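Engineer: Okay, sequence plus prediction incoming.
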Amino acid sequence: MEATIKDSKNAIESHPNQPFLYLALGIALNQKNKFENAVETLKKGKNLVFNNSFLESDFDQQIGDSYYGIKKFKIAFDYYEMSLALNPENINLLNNYSYYLALEKGQS
């Protein structure tokens, strides 16, 4: 993951208007549990997305994962809902979101 983080940062320096690079960096940061940095990076990248609901959905999902990682569950679930509104057939999100909802229900 460190190589992905380094490569993504270098690519962003060269091509700062390419949203996918921010998504790749955000995913890598989430994998390294650097959730606050991931949120910042992913929000920057999301602002660069135009007319691509699938890519925007992927950003929302990853932002949700970041917030879930820092235990801001309400915000995480809001982002998951936004992601699903853009791409209701996102299998990975449907699986993870349903699991997180089940965990929350079990703890209440």
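Structural biologist: Okay, I see it.

Engineer: From now on I want contacts and neighbour counts done on CA atoms only, so please keep to that.
Structural biologist: Will do.

Engineer: Report the contact partners of the closest residue in space to Asp58 that isn't next to it in sequence.
Structural biologist: Take Asp58 and drop its neighbours on the chain: the residue closest to it by CA to CA, 6 or more residues apart in numbering is Ser83, 6.9 Å away. Applying CA atoms under 8 Å, 6 or more residues apart in numbering, we find Ser83 in contact with 56-61.

Engineer: residue closest to the middle of this structure?
Structural biologist: Taking CA atoms, centre = their mean, the centroid of the chain lies closest to Gln62, which sits 1.2 Å from it.

Engineer: what's the distance between the residue nearest to Asp58 and Asp65?
Structural biologist: 11 Å (CA to CA, to the nearest Å).

Engineer: And the residue nearest to Asp58, how far from Leu101?
Structural biologist: Remark: distance between Ser83 and Leu101 (CA to CA) = 15 Å.

Engineer: just Val49 next, same as before
Structural biologist: Distance of Val49 to Leu101, given as CA to CA: 28 Å.

Engineer: out of the two, which sits in the more crowded spot?
Structural biologist: The residue with more neighbours, out of Val49 and Leu101, is Val49; 17 against 13, by other CA atoms under 10 Å.

Engineer: Helix, strand or coil: sort out the more buried one for me.
Structural biologist: Here Val49 takes the coil state, with states given by DSSP: H, G, I helix; E, B strand; the rest coil.

Engineer: just Glu89 next, same as before
Structural biologist: Applying three-state DSSP: Glu89 is coil.

Engineer: tell me which element the residue nearest to the centre of the chain falls in.
Structural biologist: Assigned by DSSP states H and E, Gln62 belongs to helix 53-69.

Engineer: what packs against that helix?
Structural biologist: helix 19-31, helix 35-46, helix 73-86 (3 or more CA pairs under 8 Å, 6 or more residues apart in numbering; DSSP states H and E).

Engineer: residue ranges with poor pLDDT in the chain?
Structural biologist: 108 (pLDDT under 70).

Engineer: Contacts made by the one helix or strand Asn95 maps to with the rest, please.
Structural biologist: Counting by DSSP H and E, the element that carries Asn95 is helix 91-107. With contact meaning CA under 8 Å, 6+ apart, helix 91-107 is reached by 61, 77, 80, 84.
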